[in-house]
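J.: Got a sequence here, can you build the structure:
(2 chains)
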2 protein chains.
Amino acid sequence: MFWKNFFKNSQLFTSSISNSQNNNKKILIIRQCIEYKGKPVQLVFSMDKSVNIREYHQLCESVGWECPSIQKIYTAIQNSFLILSLFYKKQETIQLIGFARVTSDQVFNAVIWDIVIHPNFQGQGLGKILIYHILDQLRSKNIVNIGLFADASVVSFYSNLGFIKDPNGIKGMFWFPVD
Amino acid sequence: MFWKNFFKNSQLFTSSISNSQNNNKKILIIRQCIEYKGKPVQLVFSMDKSVNIREYHQLCESVGWECPSIQKIYTAIQNSFLILSLFYKKQETIQLIGFARVTSDQVFNAVIWDIVIHPNFQGQGLGKILIYHILDQLRSKNIVNIGLFADASVVSFYSNLGFIKDPNGIKGMFWFPVD
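T.: Just a heads-up that it's a prediction; the model follows:
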């Protein structure tokens, strides 16, 4: 799995990855991964859909995203095929600092949406790790057709991760209501 | 609803649309809609997920698509948010001649996949009708972010239906496994 190779080769990540079932939550724990304010900190990755919506709201606000209603966020998460939350662990508390989710037919196609990293933790490769972990999950389910719609400002970011824009002339298109 | 306006204004469609619940199947019936071999024929639209997979296979083959396994098709359909089948009704039998499906988080985003019309029925606006009906369904659920990935050969088709490619510089991107 390139996910494991990624960690092995990464300069940011120096210690082990463990998979654990914690209170029936799908959690990946990665220890002492990055530095924050000069000290190594623990990161916790979770695929559990029981996301704290208030924390998700705060994360959206931190990057200037418009925050939808709690009910809408809840519904979208429940109807996503895969979600990935990233927490910064400080003593006994954890803070949501990253998030991404995927819609899919669970067989052929998957689309990655809403990749976000808190500004205080950007620039340390965490977005890349979120994406790699998602790719790894989707590949483990043999889903080959993995796409996303990238804002112009992040096309190069995804290109660097191996995403190809307009492959074989395929175009991302959107329909907007005419009100 | 522009769906109803579309039918009202269409030269192809001369009679009424009725919604009916038939054996708990979500069926829209449209009568005497198009001509086939010189005679008006009935079309039946269905959103029911109990698709005859053998018929779906035949439809894929008719347009030269690679046909996945029955189990994969079944799973993909069950995990699609919305499917739309189009049948040509001949006496007491119906033949699947069109299909499309949608994945969605049911709130924010939806992506339309696998729009197909049997070659014998192409060129009569049926693809357009499939898309309009899907848009209508998604809009009725207040899903605004409606996208698709269009092959180069059909970009102009979707442009004519109001889809915009690369809106605000947003790029469709795909990740492919390196084997």
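J.: Only C-alpha atoms from now on, for both contacts and neighbour counts.
T.: Will do.
J.: For A:Ile129, see how far away A:Asp105 is.
T.: 23 Å (CA to CA, to the nearest Å).
J.: Which one's more surrounded, these two?
T.: Ranked by neighbour count (other CA atoms under 10 Å in any protein chain shown), A:Asp105 and A:Ile129 place A:Asp105 first, with 24 against 16.
J.: dump the residue contacts of that one.
T.: When contacts are counted by CA atoms under 8 Å, 6 or more residues apart in numbering or on different chains, A:Asp105 touches A:Phe81, B:Thr75, B:Ala76, B:Ile77, B:Gln78, B:Asn79, B:Ser80, B:Thr103.
J.: What is the nearest of these to A:Ile115?
T.: The closest of these to A:Ile115 turns out to be A:Phe81 (CA to CA; 14.7 Å).
J.: what secondary structure does the residue positioned nearest the centre of chain A sit in?
T.: With distances taken as CA atoms, centre = their mean, A:Ala100 lies nearest the centre of chain A, 3.3 Å away. The three-state label given to A:Ala100 by DSSP: H, G, I helix; E, B strand; the rest coil is strand.
J.: can you tell me how far it sits from chain B?
T.: From A:Ala100 across to chain B, the span is 13 Å (CA to the nearest CA, to the nearest Å).
J.: What's the local residue count around the spatially closest residue to that residue that is not a sequence neighbour?
T.: Using CA to CA, 6 or more residues apart in numbering or on different chains and skipping residues adjacent in sequence, the residue nearest A:Ala100 is A:Ile115, 4.3 Å away. Residues within reach of A:Ile115, counting by other CA under 10 Å, total 16.
J.: host element of A:Ile115?
T.: strand A:109-117 (DSSP states H and E).
J.: got a list of contacts for whichever helix or strand comes after that strand?
T.: Per DSSP H and E, the first helix or strand lying C-terminal to strand A:109-117 is helix A:126-140. The contact list for helix A:126-140 (CA under 8 Å, 6+ apart) reads A:1-3, A:84, A:86, A:98-100, A:110, A:115-117, A:144, A:146, A:161.
J.: Which of the residues you listed sits closest to chain B?
T.: For these, the residue nearest chain B by CA to the nearest CA is A:Ile146; the value is 5.6 Å.
J.: which residues of chain A fall in strands?
T.: A:17-22, A:25-36, A:39-46, A:82-90, A:93-104, A:109-117, A:145-150, A:163-165, A:171-175 (DSSP state E).
J.: sorry, back to before: correct me, but the residue nearest to the centre of chain A touches A:Ser85?
T.: Yes. At 6.7 Å, A:Ala100 and A:Ser85 qualify as touching, with contact defined as CA atoms under 8 Å.
J.: Say whether chain B is contacted by stretch A:156-167.
T.: Yes. Using CA under 8 Å from any CA of the partner chain, stretch A:156-167 comes into contact with chain B via A:Gly162, A:Phe163, A:Ile164, A:Lys165, A:Asp166, A:Pro167.
J.: Now do the contacts for the residue lying closest to the first one once chain neighbours are set aside.
T.: Translated: A:Gly162. Nearest in space to A:Gly162, with sequence neighbours left out and distances taken as CA to CA, 6+ apart, is B:Trp175 at 6.1 Å. By CA under 8 Å, 6+ apart, the residues touching B:Trp175 are A:Asn145, A:Ile146, A:Gly147, A:Gly162, A:Phe163, A:Ile164.
J.: Give me the ChimeraX select line for those, limited to the buried ones.
T.: Buried subset of the contacts of B:Trp175, written as a ChimeraX selection, criterion 16 or more other CA atoms under 10 Å in any protein chain shown:
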select /A:145,146,147,163,164
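J.: Take the contacts of B:Trp175 and lay them out in CSV including pLDDT.
T.: Listed next are those as CSV, based on pLDDT from 0 to 100:
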residue, pLDDT
A:Asn145, 94
A:Ile146, 97
A:Gly147, 98
A:Gly162, 94
A:Phe163, 97
A:Ile164, 97
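J.: Show me which pair in the contacts of B:Trp175 is furthest apart.
T.: A:Asn145 and A:Gly162 (13.5 Å).
J.: Identify the contacts common to the two.
T.: B:Trp175, B:Phe176.
J.: Which residues of chain A lie near chain B?
T.: Counting by CA under 8 Å from any CA, chain A sits next to chain B at A:72-73, A:75-80, A:103-108, A:144-152, A:155, A:162-177.
J.: Now restrict the residues you listed to buried residues only.
T.: A:73, A:76-80, A:103-108, A:144-150, A:155, A:163-166, A:170-176.
J.: List the contacts of A:Val107.
T.: When contacts are taken as CA under 8 Å, 6+ apart, A:Val107 is in contact with A:Lys141, A:Asn142, A:Ile143, B:Lys72, B:Thr75, B:Ala76.
J.: rewinding a little: tell me which two in the contacts of helix A:126-140 are the farthest apart.
T.: Maximum pairwise distance among the contacts of helix A:126-140 (CA to CA): 25.5 Å, between A:Ile117 and A:Val144.
J.: quick one: A:Lys49 and chain B, what's the gap?
T.: 13 Å.
J.: Report pLDDT for that residue.
T.: Note for A:Lys49: predicted pLDDT of 93.
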